[in-house]
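*Asks:* Got a sequence here, can you build the structure:
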Amino acid sequence: DTKNAADHDESPPRTPTGNAPSSESDIDISSPNVSHDESLAKDMSMKDSGSDLSHRPKRRRFHESYNFNMKCPTPGCNSLGRHLTGKHERHFSISGCPLYHNLSADECKVRAQSRDKQIEERMLAHRQDDNNRHATRHQAPTERQLRYKEKVAELRKKRNSGLSKEQKEKYMEHRQTYGNTREPLLENLTSEYDLELFRRAQARASEDLEKLRLQGQITEGSNMIKTIAFGRYELDTWYHSPYPEEYARLGRLYMCEFCLKYMKSQTILRRHMAKCVWKHPPGDEIYRKGSISVFEVDGKKNKIYCQNLCLLAKLFLDHKTLYYDVEPFLFYVMTEADNTGCHLIGYFSKEKNSFLNYNVSCILTMPQYMRQGYGKMLIDFSYLLSKVEEKVGSPERPLSDLGLISYRSYWKEVLLRYLHNFQGKEISIKEISQETAVNPVDIVSTLQALQMLKYWKGKHLVLKRQ
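*Replies:* Take a look at the predicted model:
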């Protein structure tokens, strides 16, 4: 039930088409034939009638708010590269990402110019054919169409017989390096003509999607997963998560609660569960009490599981941006065991080597386990790890509203317990920090929030009820 975003966007991205006027008052609709006196009188009459709208907040056009908080989900892409169609300066989806399609921005631009030129030539040829044809019911193909058919047949004969050993190694290396975050290499798999035809279809589909988004027919809210089937629960999602587009369009996703693989239908899930051998998270079980266990999962050793865990968490966290780059992190997954397996309660992640001594990068409790104390237990476990490492820890900033409430509640409980057991006259923030593993800044801010820290006669006093 708490959350800390590891990183966030400092400013919203600009839209591909630039900025339009944000309200009617930004648009100059005056006629050049109207005199200055008439326009001044009109302005005065509008003010006298109380119709001045300048005090109203400016309305944002749809294409100004389009993908306001989104970035391209492809790892290593900052959305600044040209759109796959070559017609926009930015992109926000995998379908429009040149990097995902193993293309550069310049290649997309050249392809767009070539497509436009071919379309113009084709339209001109069609007009010439229409002028030369007679309006008969069954028209024979023109001479130009017959030549083009023969040309296509010749081009398709040049299909490669198969990949060489070097090409196969190159393709396998590409797949191992990028996994599902990049499109597989397509060269030499078919004829150059068919590959170019496929590239044009990709660009055309991406362009149509872009038009729909700019017209307001596709929004982030309408193209997001509404519910997920997770174990014996059906959970309503809260936020958008960058699942592949063919899954995001479904509205409902089916997940294996043990390996976190996501599927399109109940039938696929049922078949998967019949053969899935996972009954608990991968990694080492480092804590167990009763039915509650905590597993330490290395993002480098179990990359797919951790990526799926991050995608799942994004459905319930607003500003989370870590999805694919999971290798530098350790994930601590809390589960509840029964006779069917270990069911996911929540998790938190932390950097393996944090220069700022952050002990939590992101933390989540699944909705079905919220308000049962598991969130505070995860926080307490993160500080327990800091004590074992003999470090002072703190969650990575910024904290969400719910995250701040949960952490403030935990800090308050720890400090009050320490002060209740403290018997001395003088107290040191540093000693409290070393004893509890809580950062001194968090201790001071909590004491100030409790109005227990006062400054009197040159000394800082902690007020304690006797």
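*Asks:* Now residue 367. Nearest residue, chain neighbours left out?
*Replies:* Excluding the flanking residues, the one nearest residue 367 by C-beta to C-beta, 6 or more residues apart in numbering is residue 235, at 5.6 Å. C-beta here means a position set from N, CA and C on the backbone, and glycine is covered the same way.
*Asks:* Also residue 362?
*Replies:* Distances taken as C-beta to C-beta, 6+ apart put residue 349 closest to residue 362, at 5.0 Å, once the chain neighbours are dropped.
*Asks:* Now do the buried residues in whichever strand or helix holds the one you found.
*Replies:* Using DSSP states H and E, residue 349 sits within strand 341-351. Going by neighbour count (16 or more other C-beta atoms under 10 Å), the buried part of strand 341-351 is 341, 342, 343, 344, 345, 346, 347, 348, 349, 350, 351.
*Asks:* That strand pairs with which strands?
*Replies:* Here strand 341-351 is paired, per DSSP bridges, with strand 329-338 (antiparallel), strand 362-365 (antiparallel).
*Asks:* all strands in the protein, in order from the N-terminus.
*Replies:* Using DSSP state E, the strands of the chain run over residues 227-230, 233-236, 252-255, 262-263, 284-289, 292-298, 329-338, 341-351, 358-360, 362-365, 394-395, 453-456, 459-462.
*Asks:* okay if I get the ones you listed as a markdown table plus mean pLDDT and distance to residue 87?
*Replies:* Below are these laid out as a markdown table (pLDDT from 0 to 100; distance: least, C-beta to C-beta, whole Å):
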| stretch | mean pLDDT | distance to residue 87 |
| --- | --- | --- |
| strand 227-230 | 95 | 35 |
| strand 233-236 | 94 | 37 |
| strand 252-255 | 94 | 32 |
| strand 262-263 | 96 | 32 |
| strand 284-289 | 96 | 51 |
| strand 292-298 | 97 | 43 |
| strand 329-338 | 97 | 38 |
| strand 341-351 | 96 | 39 |
| strand 358-360 | 94 | 42 |
| strand 362-365 | 92 | 36 |
| strand 394-395 | 93 | 43 |
| strand 453-456 | 79 | 59 |
| strand 459-462 | 74 | 62 |
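*Asks:* export those to CSV and tack on distance to residue 192?
*Replies:* Listed next are the strands of the chain as CSV, based on distance: least, C-beta to C-beta, whole Å:
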stretch, distance to residue 192
strand 227-230, 42
strand 233-236, 47
strand 252-255, 38
strand 262-263, 36
strand 284-289, 51
strand 292-298, 43
strand 329-338, 43
strand 341-351, 45
strand 358-360, 51
strand 362-365, 45
strand 394-395, 54
strand 453-456, 73
strand 459-462, 76
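*Asks:* Mean neighbour count, those: which tops it?
*Replies:* Compared across those, strand 362-365 shows the largest average neighbour count, a mean of 28 (mean count of other C-beta atoms under 10 Å).
*Asks:* Dump that strand to PDB, keeping only the CA atoms.
*Replies:* Provided in PDB are the C-alpha atoms of strand 362-365 (Å, rounded to 0.1, in the frame of the first residue of the first chain):
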ATOM      1  CA  CYS A 362      10.000   0.800  -5.000                       C
ATOM      2  CA  ILE A 363       7.500  -0.900  -2.600                       C
ATOM      3  CA  LEU A 364       4.100  -2.300  -3.200                       C
ATOM      4  CA  THR A 365       1.400  -4.300  -1.400                       C
END
